[in-house]
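> kindly generate the corresponding structure for this input.
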Amino acid sequence: MDEVISSERTGHIRLANTSDLPCILHIYEKARAFMSANGNPDQWTGGYPDSHLIAEDIVNKNCYVLIEKDTVVAVFSFCIGEEPTYKEISGGTWHHDGPYGTIHRLASDGTVRGTAQICFFFCASLYPYLRIDTHRNNVFMQRAIEKFGFRCCGSIEVRGSERMAYDYSAQ
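Numbering: from 1, shown residues only. As a prediction, this is how the structure comes out:
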C-alpha cells in the first residue's frame with residue numbers, strides 16, 4: 001500500500017520513501033526545537049530519532065508521511081505487533097490484552113493544524129486497538145492524544161526515561 005487517502009479534510013498519508021528522508025529529518029529537528037522551547041527539552045535528545053532509525057522504519061514499511069499540497073508536513077511510525085517497551089507498565093494497566101498497533105515518533109512541521117488527529121484516524125482505520133506513549137512534559141501531545149479518545153493506562157520506561165502510556169479501542 002503506497003498511498004492511502006486518510007482524510008477528506010486535508011492531505012493524504014502514504015508510506016515514506018528514502019527521498020523523503022531530508023524532509024523527515026527537518027521535521028524532527030523542528031519538533032525537537034518546539035518541545036525544548038515549550039517545557040519538554042528531555043524527550044528527544046541526542047539527535048533522536050536519527051537517520052538510521054528512520055531509514056530502518058522506511059525499509060520495514062513502518063514510516064508514514066502526511067502530505068499537504070505536495071509537501072511532507074508530518075511523519076510518524078506505525079507498527080502492528082508487540083512493542084517490547086510496553087511489556088511492563090507501572091501505576092496502571094492496559095485496557096485490553098489483545099494485539100495492537102503502536103504509534104511512535106509523531107511530529108509535524110507546524111504548518112497544518114490537526115495533524116495528530118489525522119494520523120490517529122489513519123492508524124485507527126488500519127487497526128482497531130492502538131497504543132501510544134509520550135513524555136510527561138509533552139503537554140501538547142498529551143492533549144492531542146486525549147482529544148482523540150486515548151485513555152491513560154499508567155507509565156512505561158523508554159530509553160531510561162518515564163513515559164505516559166495510553167491506549168485506544170475503536171471497538
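
> mind listing what's buried along the helix or strand containing Q117?
Applying DSSP states H and E as the criterion places Q117 in helix 115-126. Under the neighbour-count criterion of 16 or more other C-beta atoms under 10 Å, helix 115-126 has T115, A116, I118, C119, F120, F122, C123, A124 buried. Bear in mind the C-beta positions are built from the backbone N, C-alpha and C, glycine included.

> next, format those residues as JSON lines and append pLDDT and distance to H104.
Below are these laid out as JSON lines (pLDDT from 0 to 100; distance: C-beta to C-beta, whole Å):
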{"residue": "T115", "pLDDT": "96", "distance to H104": "15"}
{"residue": "A116", "pLDDT": "97", "distance to H104": "13"}
{"residue": "I118", "pLDDT": "96", "distance to H104": "16"}
{"residue": "C119", "pLDDT": "97", "distance to H104": "11"}
{"residue": "F120", "pLDDT": "98", "distance to H104": "13"}
{"residue": "F122", "pLDDT": "97", "distance to H104": "14"}
{"residue": "C123", "pLDDT": "98", "distance to H104": "11"}
{"residue": "A124", "pLDDT": "97", "distance to H104": "15"}
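
> rewinding a little: after the helix holding Q117, which helix or strand is next? Please name it.
strand 129-135.

> and that following strand, how far from the chain's centre?
8 Å (C-alpha atoms, centre = their mean, to the nearest Å).

> please apply the same query to stretch 13-32.
When distances are taken as C-alpha atoms, centre = their mean, stretch 13-32 is centred 13 Å away from the chain's centroid.

> how far does that stretch stretch from start to finish?
By C-alpha to C-alpha, to the nearest Å, the extent of stretch 13-32 from end to end equals 22 Å.

> give me the contacts around that stretch.
Under the criterion C-beta atoms under 8 Å, 6 or more residues apart in numbering, residues 1-6, 44, 49, 51, 54-55, 57-58, 61, 63-67, 71-75, 105, 107-110, 118-119, 122 lie in contact with stretch 13-32.

> any of these buried? List them.
For the contacts of stretch 13-32, buried by 16+ other C-beta under 10 Å: 6, 44, 49, 54, 57-58, 63-67, 72-75, 105, 107-109, 118-119, 122.

> so of these, which ones are in helices?
Mapping the buried ones among the contacts of stretch 13-32 onto helices (DSSP state H) picks out I54, D57, I58, I118, C119, F122.
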